[in-house]
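**Q** Okay, predicted coordinates and the sequence, questions at the end:
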Amino acid sequence: MGRFDKRVAVNRRRTSGLALWAALAGLLASCSEPPSGAASSLRSIDCPEHDIGGEVYCRELMVPEDRRVADGRQIPIRIMVLAATGDSRQPDPLLVIPGGPGQSAIAAPNLRGFFAEFFAPVRKHRDVVLVDQRGTGGSNPLLLQPSAELLYARTDVNLPPAWGRAALPRLSELADLARYTTADAAFDLDAVRSALQAQRINLYGTSYGTRVAQYYLKRFGEHARSAVLKAVSPPGDNIALSYGSKPQRSLELLFDLCTADPACNDAFPELRTQLHDVLARLEQAPVSVDITHPQTGAPSTFQVTRGNFAFGIRVQMMNTYGFVGLPALISDAHAGDFSSWAAFLSQIPAVYSTQLYGGMTFSVIATEDASRLNEAAIRADADDTLIGDTLARSFLEVAEFWPHGEAPDDLFAPLVSDVPVLLVSGALDPATPPEGANAMLPGLPNGRHIVFTGGSHSAANFDGLPEIMATFIDQGSIDDVDLDAVRSNRLPPFAVGESD
């Protein structure tokens, strides 16, 4: 877990993974067969090539795109089952719901490998089931696929509206884009549960995946044995408002923690002022840096602007190891060295265009989030923040032309459930801070919230969490779970020298 997460952070000398979704597309290869008695409604398919140990098999389940239309279009839901490795296999599998919205649980080799490692303790006693949410991976995928010319048309947002406008005619032929939402995903998950012949399941959702898991609990709670919600997006949260006050909160934590750390404060005593100066200079004049175009491989020039620099800070803060490397990177930029920043920032559009299924992202946000935005909320979230209202307004622009339906009334209602729920947060998280999970506890009498002091949004530096989850799921209870790893969790050292 730690090795994987460290690879996605930028250091002062090189960039490696660069973002939460960076991975190569896997070639398809045959996988082993499931145990006897697998549901006949599941069609056997080849799994992506992998080096996951133990028994692994893949299936495809056809579901109605619009469940209100009995004879309408059917779409595939791809499933990858990591079969239990121990002798005492339990009948209730763990279903994994990744984030985004728009992330595939299966398509990216690094991610599916990470899940296999992360859930290895859980897998000792039960199957771990990776499900590609509709619109992602092998489930009628909705990639935006911007051209090389469009890739850098705008780099201050994660999914530029221009990508959506270019992709809309093609994707509209493949899908009814209004039917790729959280509610649809929850119904698909229960169809998967039924096809796997599991009376009850355990749920793991991360980031946006926690929204899907919560809606599953609302609609199908009788089939849920337990749920782990990591990087919790509470029911009333708005994804479009995740880029103003929330990352600003994490940035203020960065300043405070660096000041309180003797080594960091000694190396970067004027960090806040340095960042202010860098942003002001970039506002006046972007910096051009020579790079290799990630799509064409040709020599190219990348413009480091105030907007993409600010967005890059948020991306870095999502990972603990990126967080502790930021003071050095800000200091480099203040000294006029933008080489590491250009290498990092130029890869973000490439990662989002290939590893995030933006059509599904737009369908969710247009239906569920942009419809709840108003000027007062945008201004309140953006006021005096690093990124401001840039992302919120880009999503509003998308909602003007992207097909969308109406979200069910209970999607945003508080979750009330007797199911044992383990809520997991990172104290530094710039997207889903711990306060959101705390607010959910009154409706969860069997809920428990744990906060990793040195954790952020990704699973980096959540050491001990796989074992905690396995114990919680095995017991089906929050009682007697050893939380020593949470109590001892600390922020890694700040990068202050060339050898860091």
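**A** Looks like it arrived, so ask away.
**Q** what are the ranges of the helices in the stretch 301-450 of the chain?
**A** Using DSSP state H, counting those that start in this stretch, the helices of the stretch 301-450 of the chain run over 306-317, 320-334, 339-345, 347-355, 358-368, 375-382, 390-401, 434-438.
**Q** okay if I get the ones you listed as a markdown table plus distance to Ser104?
**A** Heads up, the C-betas are built off the backbone N, CA and C, glycines and all. Formatted as a markdown table, the helices of the stretch 301-450 of the chain follow (distance: least, C-beta to C-beta, whole Å):
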| stretch | distance to Ser104 |
| --- | --- |
| helix 306-317 | 19 |
| helix 320-334 | 22 |
| helix 339-345 | 23 |
| helix 347-355 | 8 |
| helix 358-368 | 10 |
| helix 375-382 | 29 |
| helix 390-401 | 21 |
| helix 434-438 | 25 |
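**Q** Let me know which of the ones you listed is tucked in deepest.
**A** helix 358-368 (a mean of 28; mean count of other C-beta atoms under 10 Å).
**Q** pLDDT below threshold where in the stretch 351-500 of the chain?
**A** Applying pLDDT under 70 to the stretch 351-500 of the chain flags residues 498-500.
**Q** Any idea which of the helices of the stretch 301-450 of the chain gets closest to His293?
**A** Checking the helices of the stretch 301-450 of the chain against His293 by C-beta to C-beta gives helix 347-355 as the closest, at 9.0 Å.
**Q** Pull the closest one out as PDB, backbone CA atoms only.
**A** Output of helix 347-355 as PDB, limited to C-alpha atoms (Å, rounded to 0.1, in the frame of the first residue of the first chain):
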ATOM      1  CA  GLN A 347       0.500  14.800 -17.100                       C
ATOM      2  CA  ILE A 348      -2.700  15.600 -15.200                       C
ATOM      3  CA  PRO A 349      -4.800  16.100 -18.300                       C
ATOM      4  CA  ALA A 350      -3.400  12.900 -19.900                       C
ATOM      5  CA  VAL A 351      -4.300  11.000 -16.700                       C
ATOM      6  CA  TYR A 352      -7.800  12.400 -16.500                       C
ATOM      7  CA  SER A 353      -8.500  11.800 -20.200                       C
ATOM      8  CA  THR A 354      -7.400   8.100 -20.100                       C
ATOM      9  CA  GLN A 355      -8.100   6.900 -16.600                       C
END
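**Q** packing partners for that helix?
**A** When contacts are defined as 3 or more C-beta pairs under 8 Å, 6 or more residues apart in numbering; DSSP states H and E, helix 347-355 packs onto helix 148-151, helix 306-317.
**Q** How about the secondary structure of Met80?
**A** The three-state assignment at Met80 reads strand, by DSSP: H, G, I helix; E, B strand; the rest coil.
**Q** If we ignore the residues flanking it in sequence, what's nearest it?
**A** Leu130 (4.3 Å; C-beta to C-beta, 6 or more residues apart in numbering).
**Q** From Val157, how far out is Gly138?
**A** 27 Å (C-beta to C-beta, to the nearest Å).
**Q** Also Ile291?
**A** 19 Å.
**Q** Looking at those two, which one has more neighbours?
**A** Val157 (23 against 17; other C-beta atoms under 10 Å).
**Q** Any figure for the gap between that one and Leu241?
**A** 14 Å.
**Q** so what's Ala178 up against?
**A** Residues in contact with Ala178, defined by C-beta atoms under 8 Å, 6 or more residues apart in numbering, are Ser363, Thr367, Pro403, His404, Gly405.
**Q** CSV please, covering those and showing distance to Val212.
**A** Output for the contacts of Ala178, formatted as CSV (distance: C-beta to C-beta, whole Å):
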residue, distance to Val212
Ser363, 13
Thr367, 14
Pro403, 20
His404, 17
Gly405, 16
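**Q** Closest one of these to Leu95?
**A** For these, the nearest to Leu95 is Ser363 (21.3 Å; C-beta to C-beta).
**Q** I'd guessed the closest one sits against Leu177; true?
**A** Yes. Taking contacts as C-beta atoms under 8 Å, Ser363 lies within contact range of Leu177: 5.1 Å.
**Q** Quickly list what's touching both of the two.
**A** Leu142, Trp402, Pro403, His404.
**Q** want to throw those residues into a markdown table with neighbour count and distance to Ala153?
**A** Output for the shared contacts of Ser363 and Leu177, formatted as a markdown table (neighbours: other C-beta atoms under 10 Å; distance: C-beta to C-beta, whole Å):
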| residue | neighbour count | distance to Ala153 |
| --- | --- | --- |
| Leu142 | 24 | 20 |
| Trp402 | 23 | 18 |
| Pro403 | 17 | 22 |
| His404 | 21 | 23 |
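**Q** count of neighbours near Thr453?
**A** 14.
**Q** Ile387 too?
**A** When counting by other C-beta under 10 Å, one arrives at 25 neighbours for Ile387.
**Q** Distance of it relative to Tyr243?
**A** 5 Å.
**Q** cool, Val63 as well?
**A** 33 Å.
**Q** pLDDT wise, what is the most centrally placed residue in the chain at?
**A** Residue closest to the mean C-alpha point of the chain, counted by C-alpha atoms, centre = their mean, is Gly99 at 3.5 Å. Gly99 is assigned a pLDDT of 94 by the prediction.
**Q** before we move on, which element is it in?
**A** Secondary structure from DSSP states H and E places Gly99 outside every helix and strand.
**Q** Asp237 versus the closest residue to it other than its chain neighbours, what's the distance?
**A** Setting aside the residues directly before and after it, Gly99 is nearest to Ser207 in space (C-beta to C-beta, 6+ apart), at 3.1 Å. Computed as C-beta to C-beta, the Ser207 to Asp237 distance reads 10 Å.
**Q** Which neighbours do those two have in common?
**A** Common neighbours of Ser207 and Asp237 (C-beta under 8 Å, 6+ apart) are Thr432.
**Q** Please say which of these two ends up with more neighbours.
**A** For Ser207 and Asp237, the more surrounded residue by other C-beta under 10 Å is Ser207, and the numbers stand at 26 against 20.
**Q** and that one, what pLDDT?
**A** 97.
**Q** tell me the two of the shared contacts of Ser363 and Leu177 that are most distant?
**A** Leu142 and His404 (13.4 Å).
**Q** Leaving out sequence neighbours, find the closest residue to Lys230.
**A** Nearest one to Lys230, counting by C-beta to C-beta, 6+ apart, is Val424 at 4.1 Å.
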